[in-house]
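*Asks:* Give the three-dimensional model of this entry:
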Amino acid sequence: MAAQLIHDRVVMECLEGVWETLEGNQRCRFRGTIRLTATSLVHPEEPARTLQQPVEWILPTPTPYRLMEPVQWGEYLPSSKSLEFLDEIPATQNIAPGKVPPVAIIISHQNLRGDVSSISRLKALKWLDLSNTDFHGLIPPTFGNLFYLEYLDLSSNKFEGSIPPKLGALRSLKTLNLSNNLLVGEIPKELQGLESLQDFQIFNNHLSGLIPSWVGNWTNLRVFAAYENNFDGRVPSKLGFIYELKTLNLHSNHLEGPIPGRIFTSGKLEVLILTQNNLSCDLPVEIGNCQTLFSVRIGNNNLEGNIL
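*Replies:* Predicted coordinates:
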């Protein structure tokens, strides 16, 4: 079916179904009946094709498929390498009565180009995935107007410039992935209000400055990956106030000073990677009390002392 619909706009509706939570809220299962309606973007005069079938999916959480009931989302796969197809997506205020606006757009691995700022008019979006494409230029500050957004993945593109401070207005955001781009500058202070954030990934950019101490306000954060950048200064001890933190990866920066013992007291840290920095002093004794920790990589630093 994927080959048949690859040049189409596909709208999927959930006619009936049951969700089950699996593996400690990390994954979920959907069993039910869906209806797929495909409208050609290449030949507008071609009639829509509809397929109805039972499905069973295992999905990671959070996932866009659970955003509303009945579920409706759009996956837009254009035939050309441009974004002209976005003009066919109705803005929220233009949705016909009784219709549900698009709540998710997934355009990953498409080798696209063009101006993505037009997506900002889709005010109901909760899930936006533009990863692994070929977008250039600045990240549109107008993405900060997508107030319902919970998932934003712009990774593996060629976005440049700084992280837009206006992204700090996305108070419902749970995942922000800007990794593998050409971004520069500091982490803007406006992001400190993203208190719902669970996954923050900015690795493999050219970001610099300090890792701000206010990241300790992100008390729901589980993954903090800022490796392969140009951050300097110290590892903030306030990272220890993030009690949900499971993965901290800051390798290949210019961080200095001691490893703060406070980060080992949260009780949930599993992975710590601080290799290839300028860290010094003794390994903190608190590391021995972190029973959840199963992967530690701290090589290529200036640490000293005994390993007990």
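*Asks:* hey, let's count contacts and neighbours off CA atoms from now on
*Replies:* Fine.
*Asks:* And Ser208, how far from Ser179?
*Replies:* For Ser208, the distance to Ser179 equals 14 Å [CA to CA, to the nearest Å].
*Asks:* quick one: which of the two has more around it?
*Replies:* It is Ser179, of Ser208 and Ser179, that has more neighbours when counted by other CA atoms under 10 Å, with 24 against 18.
*Asks:* Show the pLDDT at that one.
*Replies:* Each residue has a pLDDT score; the one for Ser179 is 96.
*Asks:* so what's the nearest residue to it once chain neighbours are set aside up against?
*Replies:* Nearest residue to Ser179, sequence neighbours excluded (CA to CA, 6 or more residues apart in numbering): Ile202, at 4.2 Å. If you count contacts by CA atoms under 8 Å, 6 or more residues apart in numbering, Ile202 has them with 177-180, 225-227.
*Asks:* From those residues, pick the one nearest Leu248.
*Replies:* Set against Leu248, the nearest of the contacts of Ile202 by CA to CA is Ala225 (6.1 Å).
*Asks:* Beta-bridge partners for the closest one, please?
*Replies:* On the basis of DSSP bridges, Ala225 takes part in beta bridges with Gln201, Asn249.
*Asks:* I'd say it and Asn205 touch.
*Replies:* No: with contacts defined as CA atoms under 8 Å, Ala225 does not count as touching Asn205, sitting 11.4 Å away.
*Asks:* leaving aside the residues next to it on the chain, what's closest to Leu279?
*Replies:* Per CA to CA, 6+ apart, closest to Leu279 is Glu256, 4.3 Å.
*Asks:* Now do the contacts for Lys238.
*Replies:* 213-216, 262-263.
*Asks:* Most neighbours among those residues, which one?
*Replies:* Top of those by neighbour count (other CA under 10 Å): Ile263, with 26 neighbours.
*Asks:* SS state for it?
*Replies:* Counting by DSSP: H, G, I helix; E, B strand; the rest coil, the backbone at Ile263 sits in helix.
*Asks:* That one and Leu125: what is the separation?
*Replies:* Ile263 sits 35 Å away from Leu125, going by CA to CA.
*Asks:* Over to Val271?
*Replies:* 32 Å.
*Asks:* Repeat that for Ser117.
*Replies:* Computed as CA to CA, the Ser117 to Leu125 distance reads 13 Å.
*Asks:* that older thread, so for Val271 and Leu125, which residue has more residues nearby?
*Replies:* Neighbour count, other CA under 10 Å: between Val271 and Leu125, Leu125 has more, with 23 against 17.
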